[in-house]
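Asks: sharing a model prediction with you, sequence too.
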Amino acid sequence: MQGIHCFYEQEEKQKKALAQREVSRLAGEFLTLATHELRTPLTRVLGNLQLAQRRLQTYKGQFAPPSAQIREPLAHVQQPLAAASQSAQLQQRIINDLIDDARIQTHMLTLSLNPEDLGTLLREVVAGQQQAAPEHTIVLDAPPLEQGVPILADAERIKHVLTTYLTNALTYAPPGQPMVVQLRITEALARVSVHNEGSGIAREELDHIWERFYRAKGSAVQHELDLSFGLALYLCRVFIEQHQGSVGVESAPGQGATFCFTLPTTPSPGA
């Protein structure tokens, strides 16, 4: 009788595992279909917004310098266009995160690995974020560009992680306090850290913020995670681990937060 009971228990476990795999597969297929369907109209919206902004800029350039009668109406048009464009770009990022998550859950995520220079990628992202948020100061502490930090990586995935770290830090950096981005090389390992002097993260949150769908409460990452369904940092972790690296965070309430990741470096050509 005990043997029969164990047999039925094993059979029940197998049925549950099979059902969970099927649910995961169907959810992945649904997310992929839904997000791809959302992408098409959003791409058109973004394209038309950019076209309207370019035409407005061209029109503005015809009046040099523009009078107050021209400047004020143009500003009234430019502001809602800029706000709409920002919202559409945010929506695009959310959709892309959902697509990536669907690929991960269905084991369809692929990386396009190529020789890259981490210092170059980092400088590119920092410059873009500094331009997007000129009211904040970003201090870059990295080896000189000519030194090179060779890695084998999917450049877009690494830039995605860097952008997420920087966007999150800039969102919660206090006015007048610089944000520090650091790149250090130790033996065959590169470490990138992003620090801001924000309100910090509670100890109980630190063990969970990398989890899928986790939304931190009252922490420096709440806003960004809420906008991406708790996927932003989870995707960062997966992308870095797919590169044979690791992620980490150090923080305490009132002492800011430091997000970091490590990646293995590759031998320099001729080394």
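Replies: Received the coordinates, thanks. Residues are numbered from 1 along each chain as shown.

Asks: ok, then the element right after the one helix or strand residue 14 maps to?
Replies: Element membership of residue 14, judged by DSSP states H and E, is helix 2-61. From helix 2-61 onward toward the C-terminus, using DSSP H and E, the following helix or strand is helix 68-105.

Asks: now for residue 110, how many residues are close by?
Replies: By other CB atoms under 10 Å, the residues close to residue 110 number 8. For the C-beta atoms, the positions are set from N, CA and C on the backbone; glycine is no exception.

Asks: please apply the same query to residue 92.
Replies: Other residues near residue 92 come to 16 when the count uses other CB under 10 Å.

Asks: which ones are touching it?
Replies: Contacts for residue 92 (CB atoms under 8 Å, 6 or more residues apart in numbering) come out as 39, 42, 43, 46.

Asks: residue closest to the middle of this structure?
Replies: Taking CA atoms, centre = their mean as the criterion, residue 164 is the residue nearest the geometric centre of the chain, at 3.1 Å.

Asks: ok, now which ones touch residue 138?
Replies: Neighbours of residue 138 in contact, by CB under 8 Å, 6+ apart: 126, 129, 130, 166, 170, 178, 179, 181.

Asks: okay if I get those as TSV plus pLDDT, neighbour count and secondary structure?
Replies: As requested, the contacts of residue 138 are arranged in TSV below (pLDDT from 0 to 100; neighbours: other CB atoms under 10 Å; DSSP: H, G, I helix; E, B strand; the rest coil):
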residue	pLDDT	neighbour count	secondary structure
126	94	20	helix
129	89	20	helix
130	88	16	helix
166	92	26	helix
170	83	19	helix
178	86	13	coil
179	89	26	strand
181	94	24	strand
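
Asks: and residue 191, which of the three is it?
Replies: strand (DSSP: H, G, I helix; E, B strand; the rest coil).

Asks: domains of this protein?
Replies: Taking automatic domain parsing as the reference, the chain has its domains at 2-105, 114-264.

Asks: deepest-packed of those domains, please.
Replies: domain 114-264 (a mean of 17; mean count of other CB atoms under 10 Å).

Asks: picking that back up, if I look at the residue nearest to the centre of the chain, how far off is residue 129?
Replies: Computed with CB to CB, to the nearest Å, the distance linking residue 164 and residue 129 is 11 Å.

Asks: over to residue 214?
Replies: The spacing between residue 214 and residue 129, counted by CB to CB, is 24 Å.

Asks: for residue 80, see how far away residue 58 is.
Replies: Using CB to CB, one gets 18 Å for the distance from residue 58 to residue 80.

Asks: thinking again about what came up before, can you tell me the element the residue nearest to the centre of the chain falls in?
Replies: When elements are assigned from DSSP H and E, residue 164 belongs to helix 155-172.

Asks: so where's the stretch 151-271 of the chain uncertain?
Replies: In the predicted model of the stretch 151-271 of the chain, residues 215-229, 268-271 satisfy pLDDT under 70.

Asks: show me where it has helices.
Replies: 155-172, 203-206, 222-227, 232-242 (DSSP state H, counting those that start in this stretch).

Asks: wait, which of the ones you listed is closest to residue 110?
Replies: Closest to residue 110 of those, according to CB to CB: helix 232-242, at 9.4 Å.

Asks: which strand or helix spans residue 116?
Replies: With DSSP H and E as the test, residue 116 turns up in strand 114-117.

Asks: can you list contacts of that strand?
Replies: 148, 149, 150, 151, 152, 153, 154, 155, 158, 266.

Asks: and for stretch 169-185?
Replies: The contact list for stretch 169-185, computed with CB under 8 Å, 6+ apart, reads 118-119, 122, 126, 129, 133, 135-143, 149, 166, 190-199, 220, 223-224, 257, 259, 265.
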